[in-house]
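In: give me coordinates for this.
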Amino acid sequence: MSKKHLIGVDVGVSFIKVGIYDIEGNSVAQVSQENPGTYPSPGVFLQDSLKMVDIVTSCIKKVVNLSKADAASVAAIGFSGAMGGLMGVDENWEPIAEWSIISDTRYYKYAIEMLSRDEIKIIQLSGTGMAVFAPKIMWWKNDFPMIYKKVKKFMGICAFIIGRLADIDIEKAPMDRTITIFSGLVDIEKGFWSQDLCSESGIDMALLPEIVDSDTVAGYLSKEAAIHCGLKAGIPLVAGAGDKAAGNLGAGLVKPGFLIDEAATYGALSLCTERYVADIENKTLVNLPSPIKGLYTPGAYLVASGATSAWFTEIFASELKAMAKEQNTSVFKLLDESAKDIKPGSDGLLCIGMLAGRGNPADPHIKGLYIGHTLMHKKEHFYKALLESFAYEYAFYLSVMKKNYPNLSIKEVMVMGGGSRSDLYNQIKSDVLGIPYVRLSRDDFALLGDVIIAGSAIGIYSDMKDTAKNFVIKTKVYEPDMQKHNLYRYYTSYYASIFDKVRDIYIDLENIV
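Out: Residues are numbered from 1 along each chain as shown. Take a look at the predicted model:
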């Protein structure tokens, strides 16, 4: 076994995770630490970027000590992080405009203004109408002009961390191609900032970072940072990718026609393609570039689906949660067992599980709904209807994918995340979509993607595509029941039509004084 090691750093909104791997893709050790944030008032979410640097260095030191690996064996460090956030930094790498993610909604009025003016052009060039960077910059420029004037570069959180750990000039601040998808300022196919989009939003292109490939060495660990990390100075720091892009790579989404279902807090269904198709008609797919040049992973997101499932257990299954604790099992396992024999369609009970609004296409007025329940419906009907609603939403995403890529043969869905442990949930989605579902052997996909990218940057891996395929093992296949699939097609069609029928009801409710 090789003595070389690679480190992956995944900077999430809630947790920062660090893992050390051998070059065969085996995890040697992992640590994680909570990434604290505060909600001082409605619509405001604050995090301390310098604190995040400290957490990263502390976690790197912990994971190296835990692994007992020789510090000199670490060949490179790769990064991934939250994609929908931005910050402004001065020439000395000091934070000026503090790290602000999508849930810090103070910038929304500028997003609405921008999309009302240029939505089609933004989708066509940048790959999605979910523009975050541009309206964030407009917000700082107009609402905090004294802060804006001090900013030398705007960047993502990983670029900031790399800049603090390496002695590089602020003009070399990197932004990998995958993260630019949420800028509203990029020509995603050509890989450079769009002069037209920047001009129309009044954004100075000199304030934007350099767009680089994911496997670009962005700097080298400085002597001072090396002390804090417990490593040797001079280790290459690799630009990396957005957390979603890194996770897709780590899970092996590298072959056209294959899909990934991330059954997590924010569910996501992503397809691998070799073509870029802007989803102008449906405004549904986010055309995320893969860390592998030439590949795209267009997908759509189930906003807060995992959180909604947790909400269900809290509100409707408190006694089952207590029972699960006594039996040292999961409340979802108990719910699955109770709902497994309910026939497709939950005996006429239909659900919309969008408690935080619909994300793709953007439809914030939509919220939760159960319709069709009668005196015969039980808790397990409501649970299964919720799972079916997520599957129906995926079926809509899949229909858009097939429309945009009509010549692409859809093969199978690989599933990852906490929801992948549910046999019932996997089978429902397989039956609704009519495609085999495949459970994977591990769940450290973002970190694994980080180290694949880092290894590519320094020549350990000659082909990220082959490396990713070799590191992932399929453990269980769920074949669709085509009789159930044919029945589900009616529910799927009706579900897709219901939003236009109920939207005004939600709006009326919002306007009741």
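In: contacts, neighbours, all on C-alpha from now
Out: Fine.
In: ok, the closest residue in space to Val18 that isn't next to it in sequence - contacts?
Out: Excluding its sequence neighbours, the residue lying closest to Val18 (Cα to Cα, 6 or more residues apart in numbering) is Val9, at 4.6 Å. Val9 is in contact with Ile16, Lys17, Val18, Gly19, Val56, Ile77, Gly78, Phe79, Ser80, Leu447, Asp450, counting by Cα atoms under 8 Å, 6 or more residues apart in numbering.
In: if you set the cut-off to 7 Å instead, what comes out?
Out: For Val9, the contacting residues are Lys17, Val18, Gly19, Gly78, Phe79, Ser80, Leu447, Asp450, taking Cα atoms under 7 Å, 6 or more residues apart in numbering as the criterion.
In: so it sits in a helix?
Out: No - counting by DSSP: H, G, I helix; E, B strand; the rest coil, Val9 is not part of a helix but strand.
In: how about stretch 194-203 as PDB, C-alpha atoms only?
Out: Presented in PDB, the C-alpha positions along stretch 194-203 are these (Å, rounded to 0.1, in the frame of the first residue of the first chain):
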ATOM      1  CA  SER A 194     -19.800  37.400 -19.100                       C
ATOM      2  CA  GLN A 195     -19.100  41.100 -19.800                       C
ATOM      3  CA  ASP A 196     -22.800  41.600 -20.800                       C
ATOM      4  CA  LEU A 197     -24.200  40.100 -17.600                       C
ATOM      5  CA  CYS A 198     -21.700  42.000 -15.400                       C
ATOM      6  CA  SER A 199     -22.400  45.300 -17.200                       C
ATOM      7  CA  GLU A 200     -26.200  44.900 -16.900                       C
ATOM      8  CA  SER A 201     -25.900  44.300 -13.200                       C
ATOM      9  CA  GLY A 202     -23.300  47.100 -12.700                       C
ATOM     10  CA  ILE A 203     -20.600  44.800 -11.400                       C
END
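In: give the buried residues for that stretch.
Out: Ser194, Leu197, Cys198, Ser201, Ile203 (16 or more other Cα atoms under 10 Å).
In: can I get the residues you listed in CSV including secondary structure and pLDDT?
Out: Converted to CSV, those look like this (DSSP: H, G, I helix; E, B strand; the rest coil; pLDDT from 0 to 100):
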residue, secondary structure, pLDDT
Ser194, coil, 97
Leu197, helix, 96
Cys198, helix, 96
Ser201, coil, 94
Ile203, coil, 96
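In: where do the helices of the stretch 251-400 of the chain begin and end?
Out: Assigned helices in the stretch 251-400 of the chain, in chain order: 305-316, 318-326, 331-339, 379-404 (criterion: DSSP state H, counting those that start in this stretch).
In: ranking those helices by burial, who's on top?
Out: Highest mean neighbour count of the helices of the stretch 251-400 of the chain: helix 379-404, a mean of 21 (counted as mean count of other Cα atoms under 10 Å).
In: tell me the mean pLDDT over it?
Out: Averaging pLDDT along helix 379-404 gives 97.
In: which strands and helices sit next to it?
Out: helix 331-339, strand 350-353, helix 423-433, helix 482-511 (3 or more Cα pairs under 7 Å, 6 or more residues apart in numbering; DSSP states H and E).
In: run the angle between it and helix 482-511 for me.
Out: Following axes from the mean of the first three to the mean of the last three Cα atoms, to 10 degrees, one obtains 100 degrees for the angle between helix 379-404 and helix 482-511.
In: so after helix 379-404, what's the next helix or strand?
Out: Using DSSP states H and E, the helix or strand that follows helix 379-404 towards the C-terminus is strand 413-416.
In: for the record, mean pLDDT for that following strand?
Out: Strand 413-416 comes out with an average pLDDT of 94.
In: stretch 49-69 too?
Out: Mean pLDDT, computed over stretch 49-69, is 97.
In: give me the phi and psi for the residue nearest to Ala264 when sequence neighbours are not counted.
Out: Computed as Cα to Cα, 6+ apart, the closest residue to Ala264 that is not its neighbour in sequence is Gly417, at 5.0 Å. Note on Gly417: backbone dihedrals following degrees, to the nearest 10 are phi 100, psi 170.
In: quick one: Gly417 from Asn404, how far?
Out: Going from Gly417 to Asn404 by Cα to Cα, to the nearest Å gives 27 Å.
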